[in-house]
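Enquirer: need a structure here:
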Amino acid sequence: MIERAIEVNVKEDFDARPIAMLVQVASRFESSIYIVAQDKKVNAKSIMGMMTLTLNKGETITVTADGEDEQTAIESISNYLNGKEE
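Expert: Predicted structure coming up:
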């Protein structure tokens, strides 16, 4: 299992579209992926779960991944959250 603190630095407000994009990025991987923010732990592949989070630019969240492709998953999510398009 890998855990990484990542600062949210997307180019636009983190509303429905960027959340859906983050879920799409996470869903590419076999690993279990969770986002921890505001004392909530949410499955990053669940659009409904992710919609319960209010992520703000500059906020630091924790991303965990566990599985065969965990390293690649963390890198891809980090790239997306840092404003680097996937």
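Enquirer: which parts of the protein are strands?
Expert: 2-7, 32-37, 40-43, 60-66 (DSSP state E).
Enquirer: show me which positions of the last one end up buried.
Expert: To tie it back to what came earlier, the one meant is strand 60-66. By neighbour count on 16 or more other C-beta atoms under 10 Å, the buried set for strand 60-66 is 61, 63-65. C-beta: built from backbone N, CA, C; applies to glycine.
Enquirer: which one of these is nearest to residue 74?
Expert: The closest of those to residue 74 turns out to be residue 65 (C-beta to C-beta; 5.0 Å).
Enquirer: check the spacing between that closest one and residue 28 real quick.
Expert: Using C-beta to C-beta, to the nearest Å, residue 65 is found at 12 Å from residue 28.
Enquirer: just residue 6 next, same as before
Expert: According to C-beta to C-beta, residue 6 and residue 28 sit 17 Å apart.
Enquirer: the more surrounded of the two?
Expert: The neighbour count for residue 6 versus residue 28, taken as other C-beta atoms under 10 Å, is higher for residue 6 (18 against 15).
Enquirer: tell me what the more buried one is bridged to.
Expert: Judged by DSSP bridges, the bridge partners of residue 6 are residue 61.
Enquirer: so who does it touch?
Expert: Counting by C-beta atoms under 8 Å, 6 or more residues apart in numbering, residue 6 touches 60-63, 77-78, 81-82.
Enquirer: okay if I get the residues you listed as TSV plus distance to residue 18 and pLDDT?
Expert: Formatted as TSV, the contacts of residue 6 follow (distance: C-beta to C-beta, whole Å; pLDDT from 0 to 100):
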residue	distance to residue 18	pLDDT
60	17	94
61	13	95
62	18	97
63	15	97
77	12	96
78	15	95
81	9	92
82	12	89
